[in-house]
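Novice: Below is the sequence, then the predicted model.
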Amino acid sequence: MDPDAPLPHPSLEPSLPADSAPADGPAERAPDPAAAPPEPPRFKPSVTVAAVICEAGRYLLVEEHTPEGLRLNNPAGHLEQGESPLQAVQREALEETARPFEPEHLLGVYLARFQRPATGEDITYLRLAYAGRVGEPVTGRALDQGIVRTVWMSPEEVRASRARHRSPLVLRCIEDHLAGKRLPLQAVWADATLHEPLHEPPREPPQEPPHGAGPIPA
């Protein structure tokens, strides 16, 4: 271009269409107000089981270590993948009391929320509580990690120790048992698909280099 040539008049410069993208990339589009907002995370309560055990008017509880100190709880724990609630409560009761547990009734299904501000934990527990009997302690079997001891307590002692309960469900389950609440074990149905083995997606075999080809450089 001749440096002495006059510059073109601005009105004579070609203009871009209104919907054209600038030369350095596509134009940003304004969000569509009609588009669906992203879905929030799905609420997933933590499923647990508990054994409510009463003999001669006294209830079997466990004393266990927690971040809040020693607490009292019904023998309880989390439902694990591949087991039914009945299997879970038998396993947890044996692990925490060293006694075999035989469920006789479903006591109820309970919900409670637990918050620990120091760590930001905010968990809702869904508990399936079962009433039943225990056998004699299994010789040589240790209590589960974190369990200090088992203790038999009267209803009055349980109520008086409410400040040391791990959750409000400890006393709620015992009060329901004292009130005579009982449901058949068949009220909770566990389908046989629970016990099917996990199917992992098929893995693709590693690709071999063509015959005669050298190693692939890193």
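Specialist: It's in.
Novice: just the helices in this structure please.
Specialist: 85-97, 155-160, 169-178 (DSSP state H).
Novice: Out of the ones you listed, which gets nearest to L128?
Specialist: Between L128 and those, the tightest spacing by CB to CB is seen for helix 85-97, at 4.8 Å. Backbone N, C-alpha and C define where each C-beta goes, glycine included.
Novice: What residues sit buried inside that closest one?
Specialist: 85-97 (16 or more other CB atoms under 10 Å).
Novice: all strands for the protein, in order.
Specialist: Remark: strands assigned in the chain by DSSP state E are 46-55, 58-66, 69-73, 76-78, 101-116, 121-134, 147-153.
Novice: Out of those, indicate the one that is most buried.
Specialist: strand 46-55 (a mean of 21; mean count of other CB atoms under 10 Å).
Novice: Run the angle between it and helix 85-97 for me.
Specialist: 70 degrees (axes from the mean of the first three to the mean of the last three CA atoms, to 10 degrees).
Novice: how close does the residue most central in space within the chain sit to P168?
Specialist: When CA atoms, centre = their mean is applied to the chain, the residue found nearest the centroid is S46 (3.8 Å). Look at S46 and P168: by CB to CB, to the nearest Å, they are 16 Å apart.
Novice: same deal with L106?
Specialist: Taking CB to CB, one finds L106 at 20 Å from P168.
Novice: Ok, A187 next?
Specialist: Distance from A187 to P168, by CB to CB: 23 Å.
Novice: any low-confidence regions in the protein?
Specialist: 1-33, 208-218 (pLDDT under 70).
Novice: Okay, and the beta partners of the closest residue to V89 other than its chain neighbours?
Specialist: Of all residues beyond its chain neighbours, the one nearest V89 is V49 (4.0 Å), with distances taken as CB to CB, 6 or more residues apart in numbering. In this entry, V49 is beta-bridged to G77, L128, by DSSP bridges.
Novice: Now do the contacts for V49.
Specialist: By CB atoms under 8 Å, 6 or more residues apart in numbering, V49 lies in contact with A76, G77, H78, L79, P85, A88, V89, E92, R127, L128, A129, Y130.
Novice: Quick one: these as CSV, columns for distance to F101 too.
Specialist: Output for the contacts of V49, formatted as CSV (distance: CB to CB, whole Å):
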residue, distance to F101
A76, 11
G77, 12
H78, 16
L79, 15
P85, 13
A88, 11
V89, 7
E92, 8
R127, 16
L128, 14
A129, 12
Y130, 8
